[in-house]
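Colleague: give the three-dimensional model of this entry:
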Amino acid sequence: MTHVPALLLACILLSSCVSGNSPASKPDESGKVAMKKDGTIVLLHGQGRTRLSMMILSRRFRSAGYQTVNFPYHQTIDSLDEISDQLIGFIGKKVKTTNYHLVGHSLGNVIIRNAFQKEYHDGLGKVVMLAPPNQPAHLAKRLKKNLIYRVFTGDSGQKLSEEKFYRDLPVPTVPFGVIAGNKGQRLTFSEPNDGLVSIESTKLDGMADWILLHHGHTFIMNCKDTFDQCQHFIEHGHFKQSESE
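Modeller: Reported below is the predicted structural model:
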């Protein structure tokens with residue numbers, strides 16, 4: 001059985017962004033002060049990560065004039081349903097604008113979808129999914145019986161492997177777009193992927209738009225073009241590539 005730490009290390013090595021998208025890069029390269037927008041971006045990190053993984057994206061949205069809040073959760077302790085309840089409560093306490101949007105990375109998108117079984121607060125506009133496992137995850141299926149994986153990923157990690165769970169998982173009832181990556185690996189995949197999720201499994205019936213960027217799963221949220229596409233979808237309802245189609 002593949003060891004999780006070794007797999008994660010391989011993905012990190014394969015998933016770095018192109019030069020110029022490091023944490024040290026400035027979010028507003030033009031130097032202009034953006035007009036304040038009436039909206040909050042709620043950010044959700046991925047599996048095995050923390051809010052720090054979304055800080056670059058948060059900074060870029062703030063530079064563009066949005067307010068941001070970064071949802072914390074603990075998948076090793078709480079069940080997926082508990083985390084979804086926590087997300088609804090977090091939005092109620094932290095969002096102070098009339099409108100808000102959700103941007104999730106990886107498992108964060110499963111949490112977003114699962115929370116549609118509850119009732120989001122008024123004002124939800126759009127959802128942008130970064131590298132989402134919108135179908136049962138290939139690696140979760142392989143590792144679901146591995147003790148290290150079970151401890152590390154908790155209830156949410158098991159759900160990612162279950163066909164029945166995905167059949168019952170709600171589709172967002174607001175416009176949503178999907179950003180997938182194709183900078184993958186061949187060690188555990190025989191199809192195009194981003195290192196952890198196959199490209200095809202990011203797609204979901206009902207999505208308003210879908211785009212493929214040349215990034216890996218682990219750091220796709222840190223890349224400048226990822227932010228540009230997120231902002232464009234939130235403000236226009238589609239990604240930039242769709243303008244000429």
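
Colleague: going forward, measure contacts between C-alpha atoms and count neighbours the same way
Modeller: Noted.

Colleague: flag every buried residue along the top helix by length along the chain.
Modeller: Longest helix of the chain, by residue count under DSSP state H: helix 80-94. Buried residues in helix 80-94, counted by 16 or more other CA atoms under 10 Å: Leu80, Asp81, Ile83, Ser84, Asp85, Gln86, Leu87, Ile88, Phe90, Ile91.

Colleague: any idea how far the nearest residue to the fourth one once chain neighbours are set aside is from Gln231?
Modeller: Meaning Ser84. Closest residue to Ser84 apart from its sequence neighbours, by CA to CA, 6 or more residues apart in numbering: Ala115 at 4.9 Å. From Ala115 across to Gln231, the span is 23 Å (CA to CA, to the nearest Å).

Colleague: same check, this time on Glu119
Modeller: Distance, Glu119 to Gln231, using CA to CA: 25 Å.

Colleague: more neighbours, these two?
Modeller: Gln231 (21 against 9; other CA atoms under 10 Å).

Colleague: off-centre distance for the strand or helix carrying the more buried one?
Modeller: Per DSSP states H and E: Gln231 is located in helix 224-236. The chain centroid and the centroid of helix 224-236 are separated by 13 Å, computed with CA atoms, centre = their mean, to the nearest Å.

Colleague: pLDDT score for the residue lying closest to Ile234 once chain neighbours are set aside?
Modeller: Nearest residue to Ile234 in three dimensions, chain neighbours excluded: Lys126, at 6.1 Å (CA to CA, 6+ apart). Lys126 is assigned 98 on the pLDDT scale.

Colleague: is it true that Lys126 touches Ile112?
Modeller: No. Between Lys126 and Ile112 there is no contact under CA atoms under 8 Å: 11.4 Å.

Colleague: find the residues that touch each one of those two.
Modeller: Residues touching both Lys126 and Ile112 (CA atoms under 8 Å, 6 or more residues apart in numbering): Leu102.

Colleague: show me the residue sitting in the middle of this protein in space.
Modeller: By CA atoms, centre = their mean, the chain has its centre lying nearest to His105, at 1.5 Å.

Colleague: from Thr97, how far out is that residue?
Modeller: In terms of CA to CA, His105 sits 23 Å off from Thr97.

Colleague: do Gly181 as well
Modeller: Here Gly181 is placed at a distance of 31 Å from Thr97 (CA to CA).

Colleague: which SS class is the residue nearest to Asp205 when sequence neighbours are not counted?
Modeller: Spatial nearest neighbour of Asp205, excluding adjacent residues (CA to CA, 6+ apart): Val171 at 8.0 Å. Following DSSP: H, G, I helix; E, B strand; the rest coil, Val171 is assigned to coil.

Colleague: OK, contacts around Val171?
Modeller: Residues near Val171 by CA under 8 Å, 6+ apart: Arg113, Phe116, Leu204, Asp205, Gly206.

Colleague: could you do Ser201 as well?
Modeller: Pro132, Pro133, Asn134, Gln135, Pro136, Ala137.

Colleague: for it, helix, strand, or coil?
Modeller: Secondary structure state of Ser201, per three-state DSSP, is helix.

Colleague: confidence-wise, which helix or strand of the chain is lowest on average?
Modeller: Least confident helix or strand of the chain, by mean pLDDT, DSSP states H and E, is helix 4-14 with a mean of 41.

Colleague: show me where the protein has its helices.
Modeller: Using DSSP H, helices in the chain cover 4-14, 55-63, 80-94, 107-114, 138-143, 147-159, 163-168, 224-236.
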